[in-house]
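coords below, sequence missing:
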């Protein structure tokens, strides 16, 4: 499980140092792809396989499923972190997420998300009231 928020920076070679707590589960390889709200999703290779196997159950007759899968896979990039835990973020993905230098790397349970630091701060501020309100909708006994 991936937890927490970290604030690494992209270096001059467009590499991001993964938070130390995330390195071991991602050491054997990872997949970076587009996420929702203009962030990037980082999956351990096995986690990405599991998620995409579930997505493969969607009927190809569904236009929304085809569209989603195209965008997901067309933007996907696989990589193995180097010994310092760095991964290169390809230009198209940096452009998509608006990544320049300052980043927010967050744990999102089964995956990691990479955000522009500014976009993450804006998103988090906008979600505070929604987060509080949603706690009333969680089924009783879960929280």
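That came through fine. Everything numeric here is computed off the predicted structure, so don't read it as measured data.

from now on I want contacts and neighbour counts done on CA atoms only, so please keep to that.
OK.

show the end-to-end separation of stretch 70-78, please.
With Cα to Cα, to the nearest Å applied, stretch 70-78 spans 16 Å between its terminal residues.

list the buried ones in that stretch?
Within stretch 70-78, the residues that count as buried by 16 or more other Cα atoms under 10 Å are 72, 75, 76, 77, 78.

so which of these are in strands?
Of these, the ones assigned to strands by DSSP state E are 77, 78.

now render the buried residues of stretch 70-78 as JSON lines, adding distance to residue 32 and pLDDT.
Output for those, formatted as JSON lines (distance: Cα to Cα, whole Å; pLDDT from 0 to 100):
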{"residue": "72", "distance to residue 32": "10", "pLDDT": "92"}
{"residue": "75", "distance to residue 32": "8", "pLDDT": "93"}
{"residue": "76", "distance to residue 32": "6", "pLDDT": "97"}
{"residue": "77", "distance to residue 32": "5", "pLDDT": "97"}
{"residue": "78", "distance to residue 32": "6", "pLDDT": "97"}
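
nearest to residue 44, of the buried residues of stretch 70-78?
Ranked by distance to residue 44 (Cα to Cα), these are led by residue 78 at 9.6 Å.
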